[in-house]
Structures are given as structure tokens and as C-alpha cells.
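Chemist: This is the structure alone, sequence omitted:
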């Protein structure tokens, strides 16, 4: 897996090491062949622009995933809104790192075919997010 990371946010970050470790946790569980994953850590303004331009949604969101290619290897772009990650971490009593990891896991699961467009699908996705987070928290290197 090749991971490309860029930071649009002025000061918030998830490290390259944590980004790769988190993506690896999802990939190991899903057993998919993955080529390049591009992760862009961004802010409210940019993610709203992307959401409006590409998805016709005129609002701020926390993560957007674009699948570039599914087969033979998965190629994807994941945009993580660090402003929203910080806000949600406070709301849920979670650390910024764990909330950002959850968004990254969520985005990667979307790339692997998971949906959250119904209650059962949301519950399945949340369960997978929890499993990956738990494995990351117990297997710290």
C-alpha cells in the first residue's frame, strides 16, 4: 500500500505514522488488495467546497471518500475534516486522535464498499469502526 498524505489544515495533524497504522488496521480486517490511498487532512471551508462541487451537498461534513478504482487494487482519496474531528472529539468525550482515527477508518470502510445509508448499515459500519479502533488501542507499537 502506498499512502500519500497532505495537510491543508493550518495546525491540526494526525501523524503519518498514525495514519498508516490506522489504514493498515482496516486493510488487515478487510483483506483487500490496496494500491494508493491519498489522505487529505483539511478544514471546514475546503470540505464544504468539495462536498458542494462533487456531491451537490452544500454543508460541512467530517469525511468524504472518493473511490478512484476498485479492481484489481483499490485506489482511493479520503478527505478528513480536522475542524469537525476536534469538535466531535469534545462532543463525544473522545481524544482528538481517536476521533480522527475513527473518521479515517470510516472513510476507508466507505472505499471498501461499506455504506451508512440505513440504520442497519450504520450499525454495521460503527461496529467495524469500533473493532478497528479497539485493535489499534490494544496493539500499540
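Modeler: Sure, I can see it. None of the values given here were measured: they were computed from a predicted structure. Residues are numbered from 1 along each chain as shown.
Chemist: Now the residue nearest to the spatial centre of the chain: closest residue in space, sequence neighbours ignored.
Modeler: What sits nearest the mean C-alpha location of the chain, by C-alpha atoms, centre = their mean, is residue 104, with 2.0 Å. Ranked by C-beta to C-beta, 6 or more residues apart in numbering and with sequence neighbours excluded, the top spatial neighbour of residue 104 is residue 22, at 4.9 Å. Yep, even glycine has a C-beta here, placed from its N, CA and C like the rest.
Chemist: Quick one: residues in contact with the helix ranked longest in the chain.
Modeler: The longest helix of the chain (DSSP state H) is helix 119-138. By C-beta atoms under 8 Å, 6 or more residues apart in numbering, the residues outside helix 119-138 that reach it are 21-22, 25-26, 29, 98, 101-102, 105-106, 109, 114-116.
Chemist: sec struct for residue 76, please.
Modeler: strand (DSSP: H, G, I helix; E, B strand; the rest coil).
Chemist: Which residue is most remote from the mean position of this protein?
Modeler: Within the chain, residue 72 marks the point farthest from the mean C-alpha position, 21.5 Å out by C-alpha atoms, centre = their mean.
Chemist: tell me the pLDDT at the nearest residue in space to that one that is not next to it in sequence?
Modeler: Nearest residue to residue 72, sequence neighbours excluded (C-beta to C-beta, 6+ apart): residue 33, at 6.7 Å. Looking at residue 33, its pLDDT is 84.
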